[in-house]
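Participant: Compute the structure for the input listed below.
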Amino acid sequence: MNTVAFLGLGIMGGSMAANLQKAGFAVNVYNRTAAKTAPLAARGARVAPTPREAAHGASIIIAMVGDDTASRAVWLGEHGALGGAEPGAVLVECSTLSIAWVRELAGLAAERGLPLLDAPVT
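Facilitator: Numbering: from 1, shown residues only. Okay, the predicted model is just below:
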């Protein structure tokens with residue numbers, strides 16, 4: 001079974017990650033506020049201290065955060081998920097973001113040979 005990394009566990013992200021668990025996926029989770037990881041951890045999710053560590057070993061990496069600034073931080077920050085993404089991983093950005101940032105992120109992902117799916121949730 002594929003491992004999915006989920007970055008951002010707000011109202012939408014937490015529910016999406018829980019549904020992935022219910023479907024039988026192994027889930028690695030990261031959230032700036034660690035307390036939001038507890039319900040998923042109680043059901044077997046691996047809690048990572050950084051987005052990079054959440055991405056490690058995941059075949060799918062999904063981000064669901066609040067804005068461009070938060071997205072930039074989880075993907076490119078000092079411990080960003082893009083640096084932890086392994087060859088063959090698929091990146092999915094579900095946050096509602098600016099076109100400019102999504103294009104920049106897609107270019108950075110492509111430089112690493114990683115596909116990025118822009119899939120904003122409204």
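
Participant: quick one: the helices in this protein?
Facilitator: Under the criterion DSSP state H, helices of the chain are mapped to 11-22, 38-42, 51-55, 68-76, 81-84, 99-111.

Participant: Highest mean neighbour count out of the ones you listed?
Facilitator: The highest average neighbour count among the helices of the chain, using mean count of other Cβ atoms under 10 Å, belongs to helix 51-55 at a mean of 26. For glycine as for every other residue, the C-beta is placed from the backbone atoms N, C-alpha and C.

Participant: now for that one, which elements pack on it?
Facilitator: The elements that helix 51-55 packs onto, with contact taken as 3 or more Cβ pairs under 8 Å, 6 or more residues apart in numbering; DSSP states H and E, are strand 3-7, strand 26-30, helix 81-84.

Participant: Adding mean pLDDT and distance to Leu108, write these out as CSV.
Facilitator: Putting the helices and strands packed on helix 51-55 into CSV (pLDDT from 0 to 100; distance: least, Cβ to Cβ, whole Å) gives the following:
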stretch, mean pLDDT, distance to Leu108
strand 3-7, 98, 16
strand 26-30, 98, 19
helix 81-84, 97, 6
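
Participant: hey, which of the ones you listed is tucked in deepest?
Facilitator: Per-stretch averages of neighbours, counted by mean count of other Cβ under 10 Å, single out strand 3-7 among those, with a mean of 27.
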